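Asks: return a 3D structure for these sequence lines:
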Amino acid sequence: MIPSIGSAARCASILLTLLFLAVVPMRAAAAGSSTPHYQFSARFDVKRGTLTAKAIITLPAAGGETAFVLGERFTLTETSTDCGARPELAPTGTPLPHLQRIAIRSGEAVRTACRVTIAYHGPIDEAGERSPSLSADRIELGIDTMWLPVRQDLGMAFSIDADISGLPTALVVMSQGQLTRSGDRLRIHRVISDSDLMLVGAVGLKRITAPDVEFYTAIPDDPLVAKLRENAFGAAAFYRKRFGAPQVGPVRMIVVPRGSGAGYARRGLVVMPTFRDPGAPTPPFDAASPARFVAHEFRHAWGSTPDVVFANYWMSESVAEYFGLRYVEATLGIAERDAMLDRKREVAAKAGPLLGDKRPSGAALYQKGPVLLFALEAKIGRPALDRILARSDPPTTTEAFLARLAEVAGLAVAAGFRARLADAAWQPD
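Replies: Model prediction:
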């Protein structure tokens with residue numbers, strides 16, 4: 001099995017932020033739309049481990065307060081607006097420790113878009129970080145490091161134009177969107193909106209392509225990496241056959257040289273470590289784990305993203321996990337899929353509800369949710385469930401899912417499934 005090891009604090013922060021981000025809407029930003037836009041410039045000093053940056057954030061016309069957060073290790077050199085709103089600064093520990101809050105408050109509705117400027121400099125990482133986010137050999141920067149000001153609830157999707165310099169010229173650096181690299185400079189033009197700006201890369205990465213996929217690795221012949229590549233190409237073909245072209249593509253998958261920690265993803269960008277230090281042997285792994293992980297993450301590129309409310313979280317993660325297990329079934333057989341489902345059933349009984357007034361637990365989203373969907377499949381048949389999920393306009397909310405389920409299988413089945421989603425004490429058969 002692929003291990004999940006490394007810095008407990010770093011992994012915990014990544015898991016927290018990814019749980020927030022997994023269901024944040026990602027959509028194409030159109031001219032005149034209500035999507036916020038970032039004009040971002042940054043320069044890294046790798047030797048000193050520092051960053052100097054400026055974000056000019058164009059917010060749509062609105063009133064009230066918009067609060068951004070940024071790592072408290074950064075010194076602010078400018079906070080201003082062009083709409084009369086006054087920035088207010090304060091420390092905060094929400095949603096992660098060691099942050100500073102930059103609140104933009106206007107007393108009444110602003111009739112025009114408001115540009116917020118936040119300029120800052122400071123260390124890229126918090127003091128004591130054992131695995132730097134940027135070195136001469138590797139870069140992994142994302143929202144868990146709080147290096148970019150983002151809305152405090154982590155739920156504001158934005159388009160971005162970024163101009164980033166000071167990158168080691170030997171680093172092959174990936175992100176979402178259209179990328180232009182020249183020397184130590186990377187320009188990013190991202191029309192698709194997302195709530196993060198991720199920079200991921202390493203020295204010596206080679207690009208291997210297939211329909212709907214760009215795969216990057218420095219060690220293509222490593223057995224685990226070869227298996228990840230096989231599943232990246234396989235999962236893309238699996239979904240294209242069922243859904244057509246991806247909504248976000250091509251999917252970029254990057255394997256970074258890191259011996260600890262876990263894999264993670266944003267929509268259209270998937271990152272996995274090598275799980276070994278340079279020169280160390282490939283760790284033991286089973287075939288099913290990389291197959292399920294890759295297929296789960298790739299599903300997000302083919303699926304609509306649900307609204308950001310607690311009642312719809314499972315529509316993103318549980319459905320992606322359900323299709324990840326279907327990919328395991330298609331490639332490794334039903335016995336391997338059932339073995340994974342059995343392990344999920346052991347956890348599902350204590351996972352808590354998927355519907356309620358609180359955020360569902362990770363166990364509910366990734367264990368209980370897919371178990372419920374396979375139980376529903378067994379009840380109504382896979383073709384009937386595919387009429388709901390395997391279509392060009394799949395439901396993005398629980399209510400829409402249940403309405404279509406009622407059309408396909410009847411009101412009683414839909415009511416029963418809703419009850420299971422909300423039942424904290426539900427036990428798998």
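Asks: from here on, contacts and neighbour counts on C-alpha atoms
Replies: Will do.
Asks: what ranges do the strands span in the stretch 301-429 of the chain?
Replies: For the stretch 301-429 of the chain, no strands are identified by DSSP state E, counting those that start in this stretch.
Asks: with the stretch 151-300 of the chain instead?
Replies: 158-165, 171-174, 178-182, 185-194, 199-203, 206-210, 213-217, 251-256, 264-266, 269-273.
Asks: looking at those strands, which has the lowest confidence?
Replies: Among these, strand 264-266 carries the lowest mean pLDDT, at a mean of 87.
Asks: report how many residues lie close to Met174.
Replies: 22 (other CA atoms under 10 Å).
Asks: so how far is Gly201 from it?
Replies: The gap separating Met174 from Gly201 is 6 Å, by CA to CA, to the nearest Å.
Asks: give the residues shared as contacts by these two.
Replies: Ile254 (CA atoms under 8 Å, 6 or more residues apart in numbering).
Asks: closest to the centroid, which residue in the protein?
Replies: Arg266 (2.9 Å; CA atoms, centre = their mean).
Asks: for it, name its beta-bridge partners.
Replies: Leu269 (DSSP bridges).
Asks: one step back: which one of the strands of the stretch 151-300 of the chain lies nearest to Trp314?
Replies: strand 264-266 (16.6 Å; CA to CA).
Asks: if we can go back for a sec, could the strands of the stretch 151-300 of the chain go into a markdown table alongside distance to Ala127?
Replies: Shown next, in a markdown table, are these (distance: least, CA to CA, whole Å):
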| stretch | distance to Ala127 |
| --- | --- |
| strand 158-165 | 23 |
| strand 171-174 | 24 |
| strand 178-182 | 30 |
| strand 185-194 | 26 |
| strand 199-203 | 21 |
| strand 206-210 | 33 |
| strand 213-217 | 30 |
| strand 251-256 | 23 |
| strand 264-266 | 23 |
| strand 269-273 | 23 |
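Asks: pick the most buried one from those.
Replies: Among the strands of the stretch 151-300 of the chain, ranked by average contacts under mean count of other CA atoms under 10 Å, first place goes to strand 251-256 (a mean of 26).
Asks: what pairs with it, parallel or antiparallel?
Replies: strand 213-217 (parallel), strand 269-273 (parallel).
Asks: roughly how far apart are the residue nearest to the centre of the chain and Ala409?
Replies: 34 Å.
Asks: report pLDDT for Gly32.
Replies: pLDDT, Gly32: 49.
Asks: cool, Ala8 as well?
Replies: 35.
Asks: wait, what's in contact with the nearest residue to Arg345 once chain neighbours are set aside?
Replies: Distance criterion CA to CA, 6 or more residues apart in numbering; nearest residue to Arg345, sequence neighbours excluded, is Pro428 at 6.2 Å. By CA under 8 Å, 6+ apart, Pro428 lies in contact with Arg345, Ala348, Ala349, Val371.
Asks: okay, now the second one: neighbour count?
Replies: As a burial measure, the neighbour count of Ala348 was computed by other CA under 10 Å and equals 27.
Asks: find the nearest non-adjacent residue to it, please.
Replies: Ala348 sits nearest to Lys368 (CA to CA, 6+ apart), 4.3 Å away.
Asks: residues touching the one you found, list them.
Replies: Ser318, Lys344, Arg345, Val347, Ala348, Ala349, Ala351.
Asks: shouldn't Arg43 be within a strand?
Replies: Yes: Arg43: assigned to a strand according to DSSP: H, G, I helix; E, B strand; the rest coil.
Asks: hmm, Asp184 and it touching each other?
Replies: No: at 9.6 Å, Arg43 does not count as touching Asp184 under the criterion of CA atoms under 8 Å.
Asks: please say which of these two ends up with more neighbours.
Replies: Arg43 (18 against 15).
Asks: okay, and the beta partners of that one?
Replies: In this entry, Arg43 is beta-bridged to Thr52, Ser165, by DSSP bridges.
Asks: that one and Asp161: what is the separation?
Replies: 15 Å.
Asks: can you check Gly362 too?
Replies: In this view, Gly362 and Asp161 are 33 Å apart by CA to CA.
Asks: tell me the two of the contacts of Lys368 that are most distant?
Replies: So, the contacts of Lys368 by CA to CA: farthest apart are Ser318 and Ala349, at 15.4 Å.
Asks: the more surrounded of these two?
Replies: More neighbours surround Ser318 than the other of Ser318 and Ala349, with 24 against 18 (other CA under 10 Å).
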